[in-house]
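Trainee: Show me the folded form of this:
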Amino acid sequence: MAFQPQKVYSLEEYLELEKRSDEKFEFWDGHVWSMSGATFAHNQIVMNLSIDLGSRLREKGCSAFPADMRIKVPAYEPYRYPDLSALCEEPRLERIGEVEMLINPQLIIEVLSGSTEAFDRGDKFTYYKSIQTFTEYLLVAQHRPHVSQFVKHGDGFWMNYEFNDLSDIVDLKSVGCPIQLSVIYRDVVFPEPDPNAPNVRKRLR
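Mentor: Residues are numbered from 1 along each chain as shown. Alright, predicted model coming up:
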């Protein structure tokens, strides 16, 4: 994400910018930054997740939404653009001006990059927890096969699971849908590995 510090925006100015632009922007405390410019690996992972989860969740009567869906985050207003969100109940929408926001996601997925990983794992996760219906968070690395899963339990405790083998299956508790890492990383090209490291896969199909 590229910061644009030349102007301090009001919320109204930000919403007008969003309305006039084909590009996605996020807003916080007067600062606005672009959400464009993802890598090939990032886009491929998001596409893999969207196709696989989207089709299977539709069969279950659930819904999956791509990164264009705005998610209302009470602790990080007005809204965010996660890479993927999903739910297995009737979607509920709220409007701010002419903009629609989904207010009841159960699953949120972010594909990590070097510049956003610390924020996605830390403060952003904390902000997402202010969404009442939010019960599962998936963080997907793009430079190697690795998925972090966080699942909320009834007492408010979040359990963490880690997956790093292509044969591993992540059981998405919030939407009742398993997905294998080999599906998530299909056609992803990883950076050139250390030549001394054994058993390296460069491309997955």
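Trainee: can we go C-alpha only for contacts and neighbour counts from here?
Mentor: OK.
Trainee: Would you check that F27 makes contact with W33?
Mentor: Yes: judged on CA atoms under 8 Å, F27 makes contact with W33 at a distance of 6.8 Å.
Trainee: who has more neighbours, these two?
Mentor: Looking at F27 and W33 with other CA atoms under 10 Å, you find the greater number of neighbours at F27, namely 19 against 15.
Trainee: any idea how far E192 is from H143?
Mentor: 10 Å (CA to CA, to the nearest Å).
Trainee: Please say which of the two ends up with more neighbours.
Mentor: Set E192 next to H143 and count neighbours by other CA under 10 Å: H143 wins out with 16 against 10.
Trainee: Tell me the spacing between the nearest residue to the more buried one once chain neighbours are set aside and M47.
Mentor: Among residues not flanking H143 along the chain, F190 sits closest, at 5.5 Å (CA to CA, 6 or more residues apart in numbering). Distance check for F190 against M47: by CA to CA, it reads 16 Å.
Trainee: now swap in R95 and tell me
Mentor: Where M47 is concerned, R95 sits at a distance of 27 Å (CA to CA).
Trainee: Please apply the same query to R56.
Mentor: 14 Å.
Trainee: more crowded one of those two?
Mentor: M47 (19 against 16).
Trainee: mind checking the SS state of that one?
Mentor: helix (DSSP: H, G, I helix; E, B strand; the rest coil).
Trainee: Beta-bridge partners for F150, please?
Mentor: Using DSSP bridges, the bridge partners assigned to F150 are Y137, N160.
Trainee: surely it meets G156?
Mentor: No: the criterion here is CA under 8 Å, and F150 misses it with G156 at 11.7 Å.
Trainee: what comes up buried for stretch 35-46?
Mentor: Buried residues in stretch 35-46, counted by 16 or more other CA atoms under 10 Å: 41-46.
Trainee: Output the lowest mean pLDDT helix or strand found in the protein.
Mentor: strand 2-3 (a mean of 44; mean pLDDT, DSSP states H and E).
Trainee: other SSEs contacting the helix or strand following that one?
Mentor: Next along the chain after strand 2-3, taking DSSP states H and E as the criterion, comes helix 11-20. Packing contacts for helix 11-20, counted by 3 or more CA pairs under 8 Å, 6 or more residues apart in numbering; DSSP states H and E, involve strand 25-28.
Trainee: Each with direction, which strands does the strand it packs on pair with?
Mentor: Paired strands of strand 25-28, with direction, are strand 31-34 (antiparallel) (DSSP bridges).
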